[in-house]
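Trainee: this one's structure only:
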Ligand SMILES: NC(=O)c1ccc[n+]([C@@H]2O[C@H](COP(=O)([O-])OP(=O)(O)OC[C@H]3O[C@@H](n4cnc5c(N)ncnc54)[C@H](OP(=O)(O)O)[C@@H]3O)[C@@H](O)[C@H]2O)c1
């Protein structure tokens, strides 16, 4: 059933993703009747601009009446576990940015360029993927559909804003302190961030050595691409970039493929922009991916370590606050409206 001129709520409206959700609804002229903004008591009473007006942020509590048709949740997994069931009970369709429901059977996990058709089967909740999974799926899917992917090896270069507004502020403050020659004690992330990089700041599974981010990306890519046994190896790294994640991908395919064929497939794929200028050494960069919805793909070349010719190497960059979160959620919501 599609909705006509729905009422929309954003939960987590003051966060790194929430503020982008407001911007995406405005920029894409989302057909809504009214918009309600929720966050914690810390932010209640703040005004955020939408379509030329100031909207007051309200505190979300157990007694909140969502009073909306579509609720865009972006407030972390524990807030989603606590409040999403009530929003659904009150009749809202929830698009959830957190990890809370992504792997639940029966909950569609959607990147519209890949599996928009899964949206129709929702039972009140549609999950938005992890940012790396969403960004990687956009160029991986056309290669998988056209040729078949048999194995993926990836390394990520993830921006500070992927860890939220507070981590972004910490990178700025740490960099300022470093340049001023002052001491800085990190409080959001565990390690010094200015002019440094570190293994992703999620818990490491003692048995496998994989961190929670890596586990999410593998599980979610398999679910989105409907490839439950696809072998995927990944190393997730936090780098001192403000915004937009980059990913080095090595992709083994079902048959040998020329880089030009891959370039043609990727150039025709929705949501992909090829940036592959060898002459000028111009390839995907987070600075150019920031603020745009397309995922940039370049350095498309043979992986020299595979003598069969079946493996390609690619460099990808995508704005994780947009395609990795807010834009993807709004694209999903667009499929819910008339
Ligand atoms: N950042 C990314 O690139 C990215 C990408 C994909 C998915 N996500 C997911 O999106 C979600 C939000 O991430 P973020 O980066 O935007 O985090 P953030 O900048 O820390 O913002 C969190 C937001 O949630 C609100 N919030 C927290 N607990 C709440 C509660 N109990 N009730 C109501 N509101 C609550 C906060 O309100 P206050 O301002 O009042 O504290 C704030 O508006 C997370 O689940 C994250 O995993 C993030």
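Mentor: Looks like it came in fine. Predicted model, so just to flag it, every value in this text is computed and none were measured.
Trainee: could you check how far the residue of the stretch 201-338 of the chain found nearest the ligand is from residue 42?
Mentor: The ligand sits closest to residue 325 of the stretch 201-338 of the chain, with a gap of 3.6 Å, by C-beta to the nearest ligand atom. All C-beta atoms are positioned from the backbone trio N, CA, C, and that covers glycine. Separation of residue 325 from residue 42 (C-beta to C-beta, to the nearest Å): 21 Å.
Trainee: swap in residue 132?
Mentor: 28 Å.
Trainee: same check on residue 175?
Mentor: Note on residue 175: its distance to residue 42, by C-beta to C-beta, is 25 Å.
Trainee: just residue 225 next, same as before
Mentor: 38 Å.
Trainee: between those two, which is the more surrounded one?
Mentor: The neighbour count for residue 225 versus residue 42, taken as other C-beta atoms under 10 Å, is higher for residue 225 (22 against 10).
Trainee: show me the contacts for that one.
Mentor: By C-beta atoms under 8 Å, 6 or more residues apart in numbering, the contact set of residue 225 is 114, 137, 140-141, 144, 149.
Trainee: SS state for residue 279?
Mentor: Under DSSP: H, G, I helix; E, B strand; the rest coil, the three-state class of residue 279 is coil.
Trainee: got phi/psi on it?
Mentor: In terms of degrees, to the nearest 10, the main-chain angles of residue 279 are phi -60, psi -40.
Trainee: and it, how many neighbours?
Mentor: By other C-beta under 10 Å, 5 other residues sit near residue 279.
Trainee: which one among the contacts of residue 225 gets closest to the ligand?
Mentor: For the contacts of residue 225, the nearest to the ligand is residue 137 (13.1 Å; C-beta to the nearest ligand atom).
Trainee: quick check: that closest one is in a helix.
Mentor: Yes: assignment of residue 137 by three-state DSSP places it within a helix.
Trainee: grab the nearest non-local neighbour of it.
Mentor: residue 111 (4.6 Å; C-beta to C-beta, 6 or more residues apart in numbering).
Trainee: so how far is the ligand from that neighbour?
Mentor: As judged by C-beta to the nearest ligand atom, to the nearest Å, residue 111 and the ligand stand 12 Å apart.
Trainee: over to residue 195?
Mentor: Distance of residue 195 to the ligand, given as C-beta to the nearest ligand atom: 22 Å.
Trainee: and residue 186, by the same measure?
Mentor: Residue 186 sits 16 Å away from the ligand, taking C-beta to the nearest ligand atom as the criterion.
Trainee: which helix or which strand is home to residue 192?
Mentor: Using DSSP states H and E, residue 192 falls within no helix or strand.
Trainee: next up, the contacts around it.
Mentor: Counting by C-beta under 8 Å, 6+ apart, residue 192 touches 174, 184, 186.
Trainee: for residue 204, same thing?
Mentor: Residues in contact with residue 204 (C-beta under 8 Å, 6+ apart) are 210-212.
Trainee: again with residue 289
Mentor: By C-beta under 8 Å, 6+ apart, the residues touching residue 289 are 244, 246, 295-296, 317-319.
Trainee: by neighbours, which of these wins?
Mentor: Among the contacts of residue 289, residue 318 has the most neighbours (other C-beta under 10 Å), with 33 neighbours.
Trainee: which non-adjacent residue is nearest that one?
Mentor: Of all residues not flanking residue 318 in the chain, residue 135 sits nearest, at 3.5 Å (C-beta to C-beta, 6+ apart).
Trainee: if we can go back for a sec, would you turn the contacts of residue 225 into JSON lines with neighbour count, pLDDT and distance to the ligand?
Mentor: As requested, these are exported to JSON lines (neighbours: other C-beta atoms under 10 Å; pLDDT from 0 to 100; distance: C-beta to the nearest ligand atom, whole Å):
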{"residue": "114", "neighbour count": "24", "pLDDT": "98", "distance to the ligand": "16"}
{"residue": "137", "neighbour count": "26", "pLDDT": "98", "distance to the ligand": "13"}
{"residue": "140", "neighbour count": "30", "pLDDT": "98", "distance to the ligand": "18"}
{"residue": "141", "neighbour count": "22", "pLDDT": "98", "distance to the ligand": "18"}
{"residue": "144", "neighbour count": "22", "pLDDT": "98", "distance to the ligand": "22"}
{"residue": "149", "neighbour count": "22", "pLDDT": "98", "distance to the ligand": "23"}
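Trainee: could you check how far residue 91 is from the ligand?
Mentor: The spacing between residue 91 and the ligand, counted by C-beta to the nearest ligand atom, is 20 Å.
Trainee: just to check, residue 239 is in contact with residue 197?
Mentor: Yes: using C-beta atoms under 8 Å, residue 239 makes contact with residue 197 at a distance of 4.6 Å.
Trainee: what residues are up against the residue of the stretch 201-338 of the chain closest to the ligand?
Mentor: Each residue near residue 325 by C-beta under 8 Å, 6+ apart is listed here: 17, 20, 74, 97, 128, 131, 134.
Trainee: show me what from the stretch 201-338 of the chain comes close to the ligand.
Mentor: Residues of the stretch 201-338 of the chain found near the ligand (C-beta under 6 Å from any ligand atom) are 320-321, 324-325.
Trainee: ok, now how distant is residue 188 from residue 334?
Mentor: According to C-beta to C-beta, residue 188 stands 33 Å off from residue 334.
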